[in-house]
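>>> give me coordinates for this.
(chains A and B)
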Protein chains: 2
Amino acid sequence: MKTFKISEKIYKYRFGAPRPTEIIADIGEETTKAEIDYFHIAAGEKLKLTFKMEPEDMIWGLGENQRGMNKRGGLYISYCSDDPNHTPDKKSLYGAHNFMIIDGEVKFGVFIDYPGQVVFDIGNDHKDIIEIIIDTLDADVYMIQGDQPREIVHEFLKLIGDGYAPPKWAFGYQQSRWSYPDQKAIDEVADAFIQHDIPCDAIYLDIDYMEDFKDFTISKERFPNFKDYVSTMKEKGLRLVPIIDAGVKIENGYRIYEEGVEKGYFCLDEDGKPFVAAVWPGKVHFPDFFNPEARRWFGLKYKDMIECGIEGFWNDMNEPAIFYSNRGLEKAIEKAKTSENENLDIYTFFDLKDVFEHMSNAVEDYQSFYHNINGKLVNHNMVHNLYGCNMTRAAAEGFREIHPNKRFLLFSRASSIGMHRYGGIWTGDNHSWWEHLLLNLKMMPSLNMCGFLYAGADTGGFSGDCNAQLMIRWLQMSLFTPLLRNHSAMGTRRQEPYAYDQESMGIMREMIRLRYALVPYLYSEYMKALMAKDIFFAPLAFAYQDRMSKRVEDQLLVGESLMIAPIYQENAVGRYVWLPEDMVLWRVDCYQQREFKVMRMGHHYMDVPLNQVPIFIRKNRLLVLGNHGPNIDRLDPSEVFVIGFVEDQTSYVYYDDDGETYGYREGMYSKIFMDIHRKNGNLDIQIRVIGRPATKKIHFDIVDMQGNVTQRTMVLESSK
Amino acid sequence: MKTFKISEKIYKYRFGAPRPTEIIADIGEETTKAEIDYFHIAAGEKLKLTFKMEPEDMIWGLGENQRGMNKRGGLYISYCSDDPNHTPDKKSLYGAHNFMIIDGEVKFGVFIDYPGQVVFDIGNDHKDIIEIIIDTLDADVYMIQGDQPREIVHEFLKLIGDGYAPPKWAFGYQQSRWSYPDQKAIDEVADAFIQHDIPCDAIYLDIDYMEDFKDFTISKERFPNFKDYVSTMKEKGLRLVPIIDAGVKIENGYRIYEEGVEKGYFCLDEDGKPFVAAVWPGKVHFPDFFNPEARRWFGLKYKDMIECGIEGFWNDMNEPAIFYSNRGLEKAIEKAKTSENENLDIYTFFDLKDVFEHMSNAVEDYQSFYHNINGKLVNHNMVHNLYGCNMTRAAAEGFREIHPNKRFLLFSRASSIGMHRYGGIWTGDNHSWWEHLLLNLKMMPSLNMCGFLYAGADTGGFSGDCNAQLMIRWLQMSLFTPLLRNHSAMGTRRQEPYAYDQESMGIMREMIRLRYALVPYLYSEYMKALMAKDIFFAPLAFAYQDRMSKRVEDQLLVGESLMIAPIYQENAVGRYVWLPEDMVLWRVDCYQQREFKVMRMGHHYMDVPLNQVPIFIRKNRLLVLGNHGPNIDRLDPSEVFVIGFVEDQTSYVYYDDDGETYGYREGMYSKIFMDIHRKNGNLDIQIRVIGRPATKKIHFDIVDMQGNVTQRTMVLESSK
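As a prediction, this is how the structure comes out:
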């Protein structure tokens, strides 16, 4: 083991000779520190780190995973998996997020920088033992110190580098389905949103927009003139967001395929030929995203669509998902043939059934192809978790080359830590289950801790049928996630807002309008968190030290001012909520109405009818709202509304920028500093401005501890 | 439609010419009432009943199903299904329980007496519409009136007849696993319970005790002398409970198979030959349990094991489960063969995968065999939901013939309403998921409403690995279910109490001892509910009329005196609880300790450390406890302990009987009437006795409204 000091707070422990993952740039300085703190290390065939937890220790992090925000009790396996059935026992989802925090008497963070499989047993086998098992003996382990979990996260986010900034329109409501296959289907969706006056920013193109599922093709039949169509839609205020899959269809005459073969950009099988797997297009090759040349080649392929006016993409199937390989299919068919006319005993029968059932995403397949990494062939399985990350890196690097100063919407299904620099994630193929609404809530802060600020789940659930009530309740939760996308699978009930009864649609419309009214705050908080290396969603325990706040698993802090407590149970029209301090409750059924109730620190049961979403404003904090509009571009930024709950004093920095470029990195943004003091019953509001904010007028509703509201309007002086 | 009056409260509406199901004996008296109340009827290809719900209407019942106690929002399909993956979207589990209650401004019960598929859309497609779709046009629909849901249930339970009384030992802790395959494995379990001083009453024999999964055989290799072994175990205080499957292995020389063929007792295929399906034994025939002769024949087959000393059985695989049929397997293999060397497009590939995946329990298979019902061949699919019920009826009728006055333990996986007369149910192959602990809680009162008082779930979960914390929390819930069985699947983590760390085992031991201490109360309440045609578990809304009690989905009333509020979330060490009136909280980590806290009506957050189970005693109610013992037979009945919460006055009837025979039906039981009055600060306790109770001494701990405890000991006069 070698030890490297990265900073006062971070040490890296190098075991064996790890393969570079390019996740962390800072190589640090070698030191003589001989022992790793806290963990007991055992190195047999695999590297094993163990830690004895105290009964009260809580474990945060691990990103996209099952169970609670407190990960204690679970077994998690970092191995990016295309498993569409997220039952509570599943140990691997699409992401591999090897960062966690131990929070007890002892507090520290640990990041396992390893591109293959890592097992995290967090008190599952034995209730008090953490066991981390790394698949080989070569890995970098980073240990991160900090006084509090939030500080540890901050140090970790500094370590892994600047995160992804989406364009501002990506904070709008986005409508998706597998699939709106053609212009007619998309027109129907667009027209319905317009007709029903429901704000919307984007409509998604799932796999059926392509010609035979070929990447970077567009069906001529279904989209006779794609560029014109993109413009037409943009005139309606709607952006189209196409999907790109990892696998490239094997087809003579298909340019991407032919170029990839010619240039040697595909992953290779044991015989040195391009590896063949079957996914949506049938047989495909996988681009070798570990090869920088291949990455650049693939990244620039997005250009044609960008030139058609496309400004956002989602990268899918990049674990990579494998429906079957030739090996797997042949094995299964052989098994079936030898079963013919046999009086199968039950074990033989289940063997036969299993071979078909387990044909997809088989580890044997992942072990049977290779990447060209710095001229050496490396078995895919050894670096499996970086494949999706590198695909999204390819896209992001391509965008940067095509339009250096333009922010694109980009998010991915497979991911690993480090991918946050290139794009966001959605949490994959969830179900229309109430349990997945709750999972969505619990997962958000964990994802944030691993760098993924731009994230969200398929609102309403991807698989299965979503009834009106679940759709409404899920929407009420997703209102607060940076990525707000309603997405559903082929064959399931339609779940666009207008697909339900009138009353339900009316509720959804108000909720979506509320989302747009919240955008000034959400965007301000998102960008500030991004720049400050902080998180957007936090567990209560990250801000409050009381005993209850450590226990709450169904409330979240959103930015610095808000707490949410969504309804996630069928037929519930109320719920319990813990207030770690006095807060203002704003029950919103229509965001233009501003009725506030001061609620005291403590436990409360609150009514939450189906048409209401409760928003809590923390003490001495401010919420900045706008008015809704048909989409983000058409929001009126000149007038904002501030709801504040002020006991004595507070300040808020309202951030804004062009929402389109990377200018913010060079200081091209505006900040409105609001300082409010309450003295002798008088409210003093001071406004100070940096940059050239579009905001000209601010209306204040400031609530005091007794619930009295003081209203003020401030006109901003012309910018300096 | 014809209308029959069954009683003042119950009308039967006969549509078409329904096949007799033998569920309800009372044929009623034909009346001229022309219209069914509440429902709109439409008769196309199927019979459809629709009802418009008011926003506040709640829907109770539907027995073994997903979702809440309030079934609103769901789509449920009554079609007994062997589906081991109870995800929230599943519409059919193992039972078909067609009784529900509409509880709003209008209150009524409806029972669909129909043996085939029935769909219940309870506000799923449209949030306010109930739609009941009966598969054909022939059905009896019973409408049940009552002022309150509990009264409607009572009328319904009277209608469907006397329920099942298990022997008292069936209220002990029962240890199961698939499988303890041989004497050695069972000895290890038995010795571990004895060594660790953990009470236990039964060890289960899952399918591996048989010779090649042949019903009513016992492996000579694994059980060289079964009868002796049963005695040896009984001397250790443990009963063995073997499984019996529905399918009879096709094997020359196997007596049951040969007799069944010879006598024509098996279901027939389209060609009039015994129908062949494959289940655990490989190819089997299904006994035709609709044929009374076949039923008697099968029922008497239990006799050999009963003569070995067996006193309990569980009937499994009786939906009937079909792993595959010849038809299904041939179709799949043919599909595989034609796929060979084809460059499968993705649709063809999924067709191939699906044909293997959907081979089990295919409706085509259920449609391809026949029963002999009163000399007529009836397609199985038309009467599918009664098959499991009739298997268990066969067993119960057999027991009655073999030992007319002996109560046997008997429960079944598949069931329909009416089967409650013959045995209990367990809720099938659940998972070691926290979600299924909560589902267990919610399902219990619904099962009770449909007649199934003797019921429970696989504690700890059948599939998947159960960690220590989940095992403890689940046990704390199952303490209160009449059937308390820890059961798990092959290949999963061992989940006997001693399979965990010492601390966890210690907690489980205390919990199991508490269960035994609770048996006097549980048995008394069970038997009284059984005789009074009442339920054992009730939602709060069945006893309290306040707004909150209607909403609570995670607390239960257990018998007349207790309320429970289990922990069902990982890492939770506390929870919210609604008290509809003042109650006494008894936090139990060791049942010998009696510390009580009076809690006021209202919302509370209470701490519940892992080693504690909170028990609430309702106001003016009494709880009767005993001491624990190694098993039910060795409990000491002479001394009981009463914990009471008495404001002014209360009475309790403590029921007991021999726990073995049907003597209770002839009045062979004891009742101790306890009457307590509190006057001017003095407590007056009166005891009156019917029968010859074993109880000789009663210790009272009576808590007053201020939490003061008055202790008394009463010695019962020698019985009259």
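>>> check contacts around residue A:421.
A:160, A:161, A:162, A:163, A:164, A:393, A:396, A:451 (C-beta atoms under 8 Å, 6 or more residues apart in numbering or on different chains). All C-beta spots, glycine's among them, are computed from the backbone N, C-alpha and C.
>>> quick one: which of those residues is most hemmed in?
Counting neighbours by other C-beta atoms under 10 Å in any protein chain shown, the top entry in the contacts of residue A:421 is residue A:451, with 29 neighbours.
>>> I'd assumed residue B:278 was in contact with residue A:343.
No: if you go by C-beta atoms under 8 Å, residue A:343 and residue B:278 don't touch, sitting 9.1 Å apart.
>>> is residue A:291 in contact with residue A:373, as I believe?
Yes: between residue A:291 and residue A:373 there is a contact at 7.4 Å, judged by C-beta under 8 Å.
>>> who has more neighbours out of these two?
residue A:291 (23 against 17).
>>> re the thing from before, give me the more crowded residue out of residue A:343 and residue B:278.
The neighbour count for residue A:343 versus residue B:278, taken as other C-beta under 10 Å, is higher for residue B:278 (24 against 9).
>>> give me the distance between that one and residue B:206.
19 Å (C-beta to C-beta, to the nearest Å).
>>> do residue A:346 as well
14 Å.
>>> who has more neighbours out of those two?
Per other C-beta under 10 Å, whichever of residue A:346 and residue B:206 has more neighbours is residue B:206, with 20 against 17.
>>> select the longest helix from chain A.
Ranked by residue count under DSSP state H, the longest helix found in chain A is helix A:502-532.
>>> what are the buried residues along it?
Across helix A:502-532, burial judged by 16 or more other C-beta atoms under 10 Å in any protein chain shown covers A:504-530.
>>> show residues contacting the next helix or strand after that helix.
The first helix or strand that comes after helix A:502-532 along the chain, using DSSP states H and E, is strand A:537-538. With contacts defined as C-beta under 8 Å, 6+ apart, strand A:537-538 is touched by A:150, A:444, A:445, A:447, A:448, A:480, A:556, A:557, A:558.
>>> strands paired with strand A:537-538, and their directions?
strand A:556-558 (antiparallel) (DSSP bridges).
>>> give me the phi and psi for residue A:629.
phi -150, psi 180 (degrees, to the nearest 10).
>>> give me the pLDDT for residue A:717.
We have a pLDDT of 76 for residue A:717.
>>> OK, contacts around it?
Applying C-beta under 8 Å, 6+ apart, the residues near residue A:717 are residue A:689.
>>> how much space separates it from chain B?
The gap separating residue A:717 from chain B is 50 Å, by C-beta to the nearest C-beta, to the nearest Å.
>>> next: residue A:676.
Applying C-beta to the nearest C-beta to residue A:676 and chain B gives a distance of 33 Å.
>>> quick check: which element contains that residue?
Counting by DSSP H and E, residue A:676 is part of strand A:669-679.
>>> which neighbouring elements make contact with the helix or strand just after that strand?
Following strand A:669-679 in sequence order, the next helix or strand is strand A:682-690 (DSSP H and E). Secondary-structure packing of strand A:682-690 (3 or more C-beta pairs under 8 Å, 6 or more residues apart in numbering or on different chains; DSSP states H and E): strand A:669-679, strand A:697-703, strand A:709-715.
>>> neighbouring contacts of the longest one?
Residues from elsewhere that reach strand A:669-679, judged by C-beta under 8 Å, 6+ apart: A:527, A:622, A:642, A:644, A:646-657, A:663, A:683-695, A:698, A:700, A:702, A:704, A:716, A:719.
>>> again, only using 6 Å
Contact with strand A:669-679 is made by A:646, A:648-657, A:684-693, as judged by C-beta atoms under 6 Å, 6 or more residues apart in numbering or on different chains.
>>> kindly report the same for stretch A:62-73.
A:58-59, A:74, A:76, A:88, A:93, A:95, A:97, A:100, A:122-123, A:442, A:445-447, A:450, A:539, A:553, B:467, B:469, B:570-571.
>>> nearest to chain B: which residue in chain A?
residue A:336 (3.5 Å; C-beta to the nearest C-beta).
>>> contacts only, for that residue.
B:333, B:336.
>>> one more time with 8 Å, if that's ok
A:352, A:356, B:332, B:333, B:336, B:337.
>>> buried subset of those?
Buried, going by 16+ other C-beta under 10 Å: A:352, A:356, B:332, B:333, B:336, out of the contacts of residue A:336.
>>> now, which of the residues you listed sits nearest residue B:141?
Checking the buried ones among the contacts of residue A:336 against residue B:141 by C-beta to C-beta gives residue B:332 as the nearest, at 39.9 Å.
>>> tell me the SS of that closest one?
Classification of residue B:332 by DSSP: H, G, I helix; E, B strand; the rest coil places it in helix.
>>> give me the pLDDT value at it.
Predicted confidence (pLDDT) for residue B:332: 95.
>>> hmm, it is touching residue B:358, no?
No: assessed by C-beta under 8 Å, residue B:332 is found out of contact with residue B:358, at 9.2 Å.
>>> and residue A:373, backbone torsions?
Per degrees, to the nearest 10, the backbone of residue A:373 is at phi -110, psi 110.
>>> swap that for residue A:384, sorry
Torsion angles, degrees, to the nearest 10, at residue A:384: phi -50, psi -40.
>>> next to chain B, which bits of the stretch 451-600 of chain A? Give me the list.
Residues of the stretch 451-600 of chain A lying close to chain B by C-beta under 8 Å from any C-beta of the partner chain are A:463-465, A:467-470, A:501, A:504, A:548, A:551, A:553, A:569-574, A:576, A:578.
>>> select only the buried ones of those residues in PyMOL?
Those of these that count as buried under 16+ other C-beta under 10 Å are selected in PyMOL with:
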select buried, chain A and resi 463+464+465+467+468+469+470+504+548+551+553+569+570+571+572+573+574+576+578
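>>> which of the residues of the stretch 451-600 of chain A next to chain B fall in strands?
Under the assignment DSSP state E, those contribute A:574, A:576, A:578 to strands.
>>> could I get those as a markdown table with pLDDT and distance to residue A:156?
Converted to a markdown table, those look like this (pLDDT from 0 to 100; distance: C-beta to C-beta, whole Å):
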| residue | pLDDT | distance to residue A:156 |
| --- | --- | --- |
| A:574 | 98 | 38 |
| A:576 | 98 | 32 |
| A:578 | 98 | 27 |
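>>> which of those residues sits closest to residue B:11?
Distances from residue B:11 to these, taken by C-beta to C-beta, are shortest for residue A:574, at 37.1 Å.
>>> so which bits of the stretch 201-350 of chain A are right by chain B?
So the stretch 201-350 of chain A meets chain B at A:213, A:278-283, A:323-324, A:329, A:332-333, A:336-337, A:339-340, A:343-346, A:349-350 (C-beta under 8 Å from any C-beta).
>>> narrow these to those in helices?
Using DSSP H, those in helices are A:329, A:332, A:333, A:336, A:337, A:339, A:346, A:349, A:350.
>>> of all those, which two lie farthest apart?
A:329 and A:346 (24.3 Å).
>>> dead centre of chain A: give me the residue that sits there.
residue A:455 (2.3 Å; C-alpha atoms, centre = their mean).
>>> for it, give me its contacts.
Contacts of residue A:455 by C-beta under 8 Å, 6+ apart are A:411, A:424, A:425, A:426, A:427, A:444, A:447, A:448, A:481, A:482, A:483.
>>> and residue A:411, by the same measure?
So residue A:411 contacts A:314, A:315, A:392, A:423, A:424, A:425, A:426, A:454, A:455, A:483 (C-beta under 8 Å, 6+ apart).
>>> and these, which are buried?
A:314, A:315, A:392, A:423, A:424, A:425, A:426, A:454, A:455, A:483.
>>> does the first one touch residue A:241 like I think?
It refers to residue A:314. Yes: using C-beta under 8 Å, residue A:314 is in contact with residue A:241, at 6.4 Å.
>>> so what sits against both of these two?
residue A:204.
>>> circling back: skipping adjacent residues, who's closest to the residue nearest to the centre of chain A in space?
residue A:447 (4.8 Å; C-beta to C-beta, 6 or more residues apart in numbering or on different chains).
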